[in-house]
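*Asks:* sequence unknown, structure follows:
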């Protein structure tokens, strides 16, 4: 089981690295040159893919790399949608799974919100990051890796 990380929109670097090492999972970190990827270390099966700074280069690489059985860590709804359709699981940095049955509605809501913002409506509401999110993320990633090992 591989863990693919959108280095441009993901936190939890230390948690992801620790879990990948603990379970011997391959970790593929995709980011642009402005990002700071993790350093290779003993026991970590790490591949770093540096992409150019163009708007969607890292996302396109992750879309192309994702395959069934992979876990993609990203906060990007569009990227998550493509990866899920390709058979990968996608986990947000807040610890929530992107579910195929919810993606169309979420994408439609995102498009509606964009139209409203262009029309001058202020929709700035971002829930604060909480420790609960950190705990949920670690718990869900561990569960997915362990379930993948049992199934495989």
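*Replies:* In hand now; what should we look at? Because the structure is predicted, anything quoted here is derived from the model rather than measured.

*Asks:* how far away is residue 45 from residue 18?
*Replies:* In this structure, residue 45 and residue 18 are 13 Å apart, going by CB to CB, to the nearest Å. Backbone N, C-alpha and C define where each C-beta goes, glycine included.

*Asks:* now the helices for the protein?
*Replies:* With helices called from DSSP state H, the chain shows them at 13-23, 57-65, 77-85, 100-118, 131-151.

*Asks:* what lies in contact with stretch 82-91?
*Replies:* 4, 62-63, 66-74, 79-80, 97-100, 103, 137, 140-141, 144 (CB atoms under 8 Å, 6 or more residues apart in numbering).

*Asks:* again, only using 6 Å
*Replies:* 63, 66, 68, 70, 71, 72, 73, 80, 97, 98, 100, 140 (CB atoms under 6 Å, 6 or more residues apart in numbering).

*Asks:* repeat for stretch 47-64
*Replies:* The contact list for stretch 47-64, computed with CB under 6 Å, 6+ apart, reads 4, 6, 8, 28, 29, 30, 31, 32, 33, 37, 79, 82.

*Asks:* 10 Å - rerun?
*Replies:* Here stretch 47-64 makes contact (CB atoms under 10 Å, 6 or more residues apart in numbering) with 2, 4-9, 26-35, 37-40, 65, 70, 72-74, 76, 78-83, 85-86, 88, 90.

*Asks:* noted, bye for now.
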